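1. turn this into a structure:
(2 chains)
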Protein chains: 2
Amino acid sequence: MANYNVVPLSKLVEQFERLPGIGSKTAQRLAYFVLNMPKDQAVEFSNAIVDAHEKIRYCATCCNFSEGEHCPVCKSNTRDKSVICVVETPRDAIALESTHEYNGVYHVLHGAISPLNGIGPDQLYIKQLLSRLSDDTVKEVIMATNPTVEGEATAMYISRLLKPMGIKVTRLAYGIPVGGDLEYADEVTLARALEGRNEL
Amino acid sequence: MANYNVVPLSKLVEQFERLPGIGSKTAQRLAYFVLNMPKDQAVEFSNAIVDAHEKIRYCATCCNFSEGEHCPVCKSNTRDKSVICVVETPRDAIALESTHEYNGVYHVLHGAISPLNGIGPDQLYIKQLLSRLSDDTVKEVIMATNPTVEGEATAMYISRLLKPMGIKVTRLAYGIPVGGDLEYADEVTLARALEGRNEL
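-> As a prediction, this is how the structure comes out:
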């Protein structure tokens, strides 16, 4: 798309185009929006990007994003340190947090085993998980990886590593999503929902 | 959404949430994507925002975005200076450029008359348009404002100003879908609209 050779604008559009799910039209719309912002807001936006990169690191315990050495969840005294919920990404941890039903701690793998994409167990933060299990604090590890082929494979891989250590390994329940429509549920999900049926 | 009080991350998410059409989930996805970028790419993104603000100004002639005092279209010797195409935004000019059917110059109003939003003729770059018509260079003004109520009102308002000056004022043909947005019209439709323009 010719931007009349206004180079700084084309560059900004390009930057937005790199973001996931942002096509060229949207990138253009966003770039123009940023251009029309008051200058101090644009500076704020610009700084937020660099700040995020400079100030955020991985928590030394759970590998989630953190400002300090340990994240607020790991530092907290009210969280149950005997249960670790293993997730693929920090966003998954946020999703679980928003249920307000979980009071344990997390472990973020930063991905899932995916041979097609060249991601093996060594690229994930599995060693860091194992090192947390060396003393007897942890009683249960909940595998909350995604219900995809990759997430399943990762859950299986880790559960095989942990079972010989005598730790209870659980997996999030499969079933029909609340508020969903049975008619539109896929066969696999329905089959799993039947399998896992509970007594009322 | 609790980001575990990772302040720089929350701030980045907030910045993305401010953008038009970006909801909280998308903002989160984009923020995490930026966080996972290599640092030099993030710095590049950050700089592109500030650069766009610092280096881009309005063309002294047509009020389009420009790096120098005059934009490439106004500086060009091959463009027909006797025809001015009046558009609401720089993006509309880009859309028209992409038809490759138009060889005149542009004038960007930076908006449309919209009393509901408190935008009157004085907030638009109409004076700058009138000052371009003081000599006899310009033979035709094409009103290419959006086919919306605001765009129509703006076209009517300007055509009433220009007609006493003896300048031919035309309007894009209704090949463009009514209620649509010029920016999203396809090139063929836009080209048809240019071909079939009518005198107001």
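
2. in chain A, which strand has the most residues?
-> When secondary structure is assigned using DSSP state E, the longest strand within chain A turns out to be strand A:80-87.

3. next, residue A:195: phi, psi?
-> Dihedral angles of residue A:195 (phi, psi; degrees, to the nearest 10) stand at phi -50, psi -50.

4. tell me which helix or strand the nearest residue to it once chain neighbours are set aside sits in.
-> Distances taken as C-beta to C-beta, 6 or more residues apart in numbering or on different chains place residue A:174 nearest to residue A:195, at 7.9 Å, with adjacent residues excluded. (Each C-beta comes from the backbone N, C-alpha and C, glycine too.) For residue A:174, there is no host helix or strand (DSSP states H and E).

5. I figured residue A:174 hits residue A:147, correct?
-> Yes - at 6.5 Å, residue A:174 and residue A:147 qualify as touching, with contact defined as C-beta atoms under 8 Å.

6. still on that earlier bit, the residue nearest to residue A:195: neighbour count?
-> For residue A:174, the neighbour count with other C-beta atoms under 10 Å in any protein chain shown is 14.

7. over to the one 5 residues further on?
-> If you count neighbours by other C-beta under 10 Å, residue A:179 ends up with 5.

8. what pLDDT does it get?
-> We have a pLDDT of 76 for residue A:179.

9. worst-scoring helix or strand of chain A, pLDDT-wise?
-> Least confident helix or strand of chain A, by mean pLDDT, DSSP states H and E, is helix A:187-195 with a mean of 79.

10. alpha carbons of that helix, as CSV, please.
-> Below are the C-alpha coordinates for helix A:187-195, written out as CSV (Å, rounded to 0.1, in the frame of the first residue of the first chain):
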residue,chain,number,x,y,z
GLU,A,187,-17.8,-35.7,18.7
VAL,A,188,-14.5,-36.0,20.6
THR,A,189,-15.6,-33.5,23.2
LEU,A,190,-19.0,-35.2,23.6
ALA,A,191,-17.4,-38.6,23.9
ARG,A,192,-15.1,-37.3,26.6
ALA,A,193,-18.0,-35.6,28.3
LEU,A,194,-19.8,-39.0,28.4
GLU,A,195,-16.8,-40.8,29.6
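
11. show me which residues of that helix are buried.
-> A:189, A:192-193 (16 or more other C-beta atoms under 10 Å in any protein chain shown).

12. where does chain A dip in pLDDT?
-> Regions of chain A meeting the criterion pLDDT under 70 cover residues A:1-5, A:199-200.

13. ok so, going back, from the buried residues of helix A:187-195, which is closest to residue B:166?
-> Distance ranking of the buried residues of helix A:187-195 against residue B:166, using C-beta to C-beta, places residue A:189 first at 71.6 Å.

14. in chain A, which spans are strands?
-> Taking DSSP E as the test, the strands found in chain A are A:57-58, A:65-66, A:80-87, A:104-108, A:140-143, A:168-171.

15. given the second one, what are its sheet partners and their directions?
-> Same thing as strand A:65-66. The pairing partners recorded for strand A:65-66 under DSSP bridges are strand A:57-58 (antiparallel).

16. how much space between the most centrally placed residue in chain A and chain B?
-> The centre of chain A sits closest to residue A:89, judged by C-alpha atoms, centre = their mean, with a distance of 1.9 Å. In this view, residue A:89 and chain B are 7 Å apart by C-beta to the nearest C-beta, to the nearest Å.
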